[in-house]
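Peer 1: Have a look; sequence and predicted model below, questions after that.
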Amino acid sequence: MTHSAVVVGAGPNGLVAANVLADAGWEVAVLEAQATPGGAVRSDREVHPDFVHDTFSAFYPLAVASSAIASLRLEDHGLVWEHAPAVLGHPFGDGQWAVLHRDRAATAAGLDALRPGDGDAWLDLCATWDRIGPSLVDGLTTPFPPVRAGARLLPALARAGGLDTVRRLATPVASLGRELFSGEAGGLLLSGNAGHADFPLASPGSGVFGVLMTMLGQTVGFPVPRGGAQSLTDALVARCRSRGVEVVTDAEVTEVQVHHGRVQGVRTRDGRAYASGTVLADVSAAHLFGRLVAQEHLPARVVRGMRDFELDPGTVKVDWALSGPVPWTNRPDLAPGTVHVADSVEQMTQTLSQVSSGVVPDRPFLLTGQMTTSDPTRSPAGTESFWAYTHVPQPGMTRADAAGEVTGAWDRDDTERFADRMQARIEERAPGFGSLVLERRVLGPHELEARNANLIGGAVNGGTSQLHQELVFRPVPAMRGRAATGVPGLFLASASAHPGGGVHGSAGANAARAAIWQQRTRRLRRT
């Protein structure tokens, strides 16, 4: 069978790519190895039949902020966004909380109550974001180089303080928090959000990412799809099928076929061939280059670059079905959907440095989600569908465990021991938490990869987000931050491509537009 394009992988990037191509009139097939589409945007009732848990990702500010997904109008295909009463909370000290609201005045008032003057500092940061935020988001999510977004961003930066603003964005987030705020709370919000990626908090790049995620929480919130993450995938699939896209599951692609230097299609594990002169790969660069596409078909500079390709750290995720709300000490009146667990910015900095140096943290920094608080359909009234995840060294990269318990093999014994460590961290801030646990599921690096092959060793961002592998360097310098791989007809459409991890669909949209442009230029050459 022949299609205008074949998309390998039905994650959000692959499904966005398929939608963009279908809108341009292409005949598209999407091939997914798993039994259900979604990639890292899926949900299930595996933990407890009465509870919906998001298997991987859960909160989606980038999906709302990115034009790649927002422009698809998925609300017309059944998607409904829900919001928790508050966006984000971070307990610290002796029962204090830093709380992020979608109302900036409420956020500022909370910060000011903890340290007078920090509320005004927060409003100043929001005002700066108002000037530069939209152009910055566009610049980070559109194809590289971001010519149009850059043209808007430069005058916006000038109006927002010029070089001083640029310097602040380039400042490591741990230092930026101390520079902007007198108290601890503002810095905790910025640093905790920077910790969603794998930046060491003392590194350049962490500041701009911390500001980005925090201000997105302030402006669009951390929304969740009603009914579970699968609802976002279902809407993407429904839109695809309404435009004639063929979505095939249980169809693992084992080879991208290249003949005379040009893509000819793909072959699946069951021997079926899908012919096409255009293939968009929503797969990790580590799987695409040298595995799905043999090295002899790749440009030498891509092969050389992949020798230095660096994954982001592994992940351990724990899901709990709870008989009641999490008993946080002095929990805020407006409950946050996301709660970060770390005693201080210094502790977060130490923890993330341990991970980057191959040490399993003894006091891991946790990102947690109160999903029933965010969306009451997730579990019975009075209960909570809850999860937490944290980063750990990649399997095979562990040098030591700071607590002396985990081997680094991340087998079942390792992951359960480490999950106990994570649960103990929550118990410190929420005494009695353990007594509410009805069921628990632990997904370590190997389990995550088994459920989604793109999550190699539990790496959720398709490769490190640090500056040496971002923008023009992503995934390798030879690609210059673009979707084209150097093999005519083959495009990288996964989180390994610019702009990287996160559910924004931009890598898929960028790859689809690059494919459309390549086809148009070929036609022009023939005329």
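Peer 2: In hand now; what should we look at?
Peer 1: which outside residues touch the host helix or strand of residue 216?
Peer 2: Assigned by DSSP states H and E, residue 216 belongs to helix 206-219. With contact meaning CB atoms under 8 Å, 6 or more residues apart in numbering, helix 206-219 is reached by 61-62, 65, 87-88, 100-102, 104, 107, 125-126, 129, 133, 136-137, 140, 168-177, 189-191, 193-194, 196-197, 199-200, 465. All C-beta spots, glycine's among them, are computed from the backbone N, C-alpha and C.
Peer 1: starting at the chain centroid, how far to it?
Peer 2: Offset of helix 206-219 from its chain centre (CA atoms, centre = their mean, to the nearest Å): 14 Å.
Peer 1: Give me the helices and strands touching the next helix or strand after it, please.
Peer 2: Tracing the chain C-terminally past helix 206-219 and defining elements by DSSP H and E, one meets strand 224-225 next. In terms of contacts (3 or more CB pairs under 8 Å, 6 or more residues apart in numbering; DSSP states H and E), strand 224-225 is packed against strand 81-82, helix 230-242.
Peer 1: Any stretches of this structure with poor pLDDT?
Peer 2: Within the chain, the stretches with pLDDT under 70 are 1, 144-151, 153-154, 156-158, 160, 523-527.
Peer 1: domain ranges for it?
Peer 2: 5-58+229-309+463-526, 99-219, 313-451 (automatic domain parsing).
Peer 1: Mind putting these into CSV with distance to residue 81 and mean neighbour count?
Peer 2: CSV is the format used below for the domains of the chain (distance: least, CB to CB, whole Å; neighbours: other CB atoms under 10 Å):
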stretch, distance to residue 81, mean neighbour count
domain 5-58+229-309+463-526, 9, 21
domain 99-219, 12, 20
domain 313-451, 9, 20
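Peer 1: could you redo those domains as JSON lines and give each row distance to residue 75?
Peer 2: Shown next, in JSON lines, are the domains of the chain (distance: least, CB to CB, whole Å):
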{"stretch": "domain 5-58+229-309+463-526", "distance to residue 75": "8"}
{"stretch": "domain 99-219", "distance to residue 75": "19"}
{"stretch": "domain 313-451", "distance to residue 75": "16"}
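Peer 1: Residue 88 and residue 104, how far apart?
Peer 2: 13 Å (CB to CB, to the nearest Å).
Peer 1: swap in residue 478?
Peer 2: Distance, residue 478 to residue 104, by CB to CB: 43 Å.
Peer 1: Which of the domains of the chain sits closest to residue 74?
Peer 2: domain 5-58+229-309+463-526 (4.0 Å; CB to CB).
Peer 1: centre of the chain versus the closest one, how much separation?
Peer 2: Going by CA atoms, centre = their mean, where domain 5-58+229-309+463-526 is centred and where its chain is centred differ by 16 Å.
Peer 1: and if you look at stretch 333-352?
Peer 2: The answer for stretch 333-352 is 18 Å, by CA atoms, centre = their mean.
Peer 1: Over to it now: how far is its first residue from its last?
Peer 2: Between the opening and closing residues of stretch 333-352 there is a gap of 31 Å (CA to CA, to the nearest Å).
Peer 1: repeat for stretch 329-338
Peer 2: Terminal residues of stretch 329-338 are spaced 15 Å apart (CA to CA).
Peer 1: Tell me the gap between that stretch and the middle of its chain.
Peer 2: Between the centre of stretch 329-338 and the centre of its chain there are 24 Å (CA atoms, centre = their mean).
Peer 1: one step back: how about the helix holding residue 216 as PDB, C-alpha atoms only?
Peer 2: This file holds the C-alpha atoms of helix 206-219, laid out as PDB (Å, rounded to 0.1, in the frame of the first residue of the first chain):
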ATOM      1  CA  SER A 206      17.900  26.700  33.900                       C
ATOM      2  CA  GLY A 207      16.800  30.300  34.500                       C
ATOM      3  CA  VAL A 208      15.000  30.800  31.200                       C
ATOM      4  CA  PHE A 209      13.300  27.300  31.500                       C
ATOM      5  CA  GLY A 210      12.300  28.000  35.200                       C
ATOM      6  CA  VAL A 211      10.800  31.300  34.200                       C
ATOM      7  CA  LEU A 212       9.100  29.700  31.100                       C
ATOM      8  CA  MET A 213       7.300  27.000  33.100                       C
ATOM      9  CA  THR A 214       6.400  29.200  36.000                       C
ATOM     10  CA  MET A 215       5.000  31.900  33.900                       C
ATOM     11  CA  LEU A 216       3.000  29.400  31.800                       C
ATOM     12  CA  GLY A 217       1.600  28.200  35.100                       C
ATOM     13  CA  GLN A 218       0.700  31.800  36.000                       C
ATOM     14  CA  THR A 219      -0.900  32.600  32.600                       C
END
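Peer 1: so what's the residue lying closest to residue 182 once chain neighbours are set aside up against?
Peer 2: Distance criterion CB to CB, 6 or more residues apart in numbering; nearest residue to residue 182, sequence neighbours excluded, is residue 115 at 5.0 Å. Counting by CB under 8 Å, 6+ apart, residue 115 touches 181, 182, 183, 184, 185.
Peer 1: Take the residues you listed and keep only those in helices.
Peer 2: Within the contacts of residue 115, residues falling in helices by DSSP state H are residue 185.
Peer 1: how far is the longest helix seen in the chain from where the chain is centred?
Peer 2: Longest helix in the chain, counting residues (DSSP H): helix 118-141. With CA atoms, centre = their mean as the basis, the distance from the averaged C-alpha position of helix 118-141 to the chain average is 21 Å.
Peer 1: That helix - contacts with which helices or strands?
Peer 2: Against helix 118-141 (3+ CB pairs under 8 Å, 6+ apart) you get helix 67-70, helix 104-114, helix 147-159, helix 185-194, helix 206-219.
Peer 1: The spatially most central residue of the chain: what secondary structure?
Peer 2: Geometric centre of the chain, nearest residue: residue 502, 2.5 Å, by CA atoms, centre = their mean. What DSSP: H, G, I helix; E, B strand; the rest coil gives for residue 502 is coil.
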